[in-house]
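Engineer: Got a sequence here, can you model it:
(2 chains)
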Amino acid sequence: MNKDWPIWEIFIRSKNGLEHRHAGSLHAADAEMAIQNARDVYTRRQEGVSVWVVESKHITASNPEKSGELFEPAKDKVYRHPTFYDLPDEIKHM
Amino acid sequence: MEQKALYDYLLLLGDNSAILGQRLGELCGHGPELETDIALTNVSLDLFGQVRNYFQYAAKVAGEDATEDSIAMLRLEHEYKNSLLVEQPNRDFAYVICRQFLFDTYHQLLLNELVNSKNDQIAAIAKKSIKEVDYHYDISSTWMQRLGDGTEESNKRLQDALDFLWRYSMELFKPTDTEIIMAEMGVGPDLETLRPVYLERVKDIFLKSNVIAKEDAIFQYGGKTGTHTEYLGYILAEFQYMQRAYPNMQW
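Structural biologist: This next block holds a predicted model:
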């Protein structure tokens, strides 16, 4: 039997209306303990109003070896950024 | 007379948190897991925050040169009024959790009464502390069940801890003269009335944790009137060291 607790990824929403952001990871025996531990490790200074926990093994990550084919083709397609429009002067904060 | 009783009452309230806080502080860097280490030291810090509130107020009540530091650090062993339960050592994690659970359940009941205290200052401190203590109870009561309902070994250790610590639990509900005066004045609760609720709550968790409180326990009393177990002297030696070695030091 593996005696080490599994690793959990912790996501914290700092304010209502904002998205949950990855804060870090920690060890816990189950989801309930992961929430308690996240509260103690990552929100001691009032960093959050909501916590999500996901056991790390449930996250599927992209393969770093495939970063070429996954990401590089977008490099020379700057037109995908919506920056080529003439905006009327009255429109601010774009 | 009333001022003296109020002062003593603030010590009764503050000393439990101070000595338990110090016991938990000993675990800093030694907790069984990084995460539980941080959780328990957070609890310790919460308790010391409460101590500061009680002792700042006690210093005002005492007048003269008293400060929160002199009250916390410069009394002699028999002048501390914490219950025997909170000074018991961190023999293993089960002892830490069991001690915490027995205290948190009481602490929660007590603060729920103190929010209605006729003393506004005490009511305000209780109101501020209760959310912290609700969380302490969450941690200790869930850990009771994890250990008790975990492996054969963890259940045995929790039962050992309960066999040892249970004898100190009823002191919490045996009022001292000070607590009787405070109850009559409407400052504090009648502790005897909290006992049945306490027993019901802890026994529910014991049941879920597959442990049993000894029916024939011989309950121990004395801490609240200054008669302590041998452990308090050692705690104070460490707790008071800086103030004794460097009087009036600050940081």
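
Engineer: And the residue nearest the centre of chain A?
Structural biologist: Central residue of chain A (C-alpha atoms, centre = their mean): A:H22, 3.7 Å from the mean position.

Engineer: tell me the contacts of the nearest residue to that residue once chain neighbours are set aside?
Structural biologist: In this structure, A:H22 finds its nearest non-sequential neighbour in A:F11, 5.6 Å apart by C-beta to C-beta, 6 or more residues apart in numbering or on different chains. Where you see a C-beta, it was placed from the backbone N, CA and C, and this is true even at glycine. A:F11 makes contacts with A:H20, A:R21, A:H22, A:A23, A:V51, A:W52, A:V53, A:V54, as judged by C-beta atoms under 8 Å, 6 or more residues apart in numbering or on different chains.

Engineer: if we look at the sheet, which residues does the closest residue to the first one other than its chain neighbours bridge to?
Structural biologist: Right, the one you point to is A:H20. Once flanking residues are discounted, A:H20 sits nearest to A:F11: 4.0 Å by C-beta to C-beta, 6+ apart. Taking DSSP bridges, one finds A:H22, A:W52 as the beta-bridge partners of A:F11.

Engineer: So which residues of chain A form strands?
Structural biologist: Counting by DSSP state E, chain A has strands at residues A:7-13, A:20-27, A:50-55.

Engineer: Let me know which of those is tucked in deepest.
Structural biologist: strand A:7-13 (a mean of 20; mean count of other C-beta atoms under 10 Å in any protein chain shown).

Engineer: I'd like the average pLDDT over it.
Structural biologist: When pLDDT is averaged over strand A:7-13, the result is 96.

Engineer: Residue 77: how many residues sit nearby?
Structural biologist: Picked chain A for this. As a burial measure, A:K77 scores 8 neighbours (other C-beta atoms under 10 Å in any protein chain shown).

Engineer: switch to chain B, that's the one I care about
Structural biologist: 14.

Engineer: try B:A66
Structural biologist: Neighbour tally, B:A66, other C-beta under 10 Å: 16.

Engineer: So which bits of chain A are right by chain B?
Structural biologist: Proximity of chain A to chain B, by C-beta under 8 Å from any C-beta of the partner chain, involves residues A:5, A:26-29, A:32-33, A:36-37, A:39-41, A:44.
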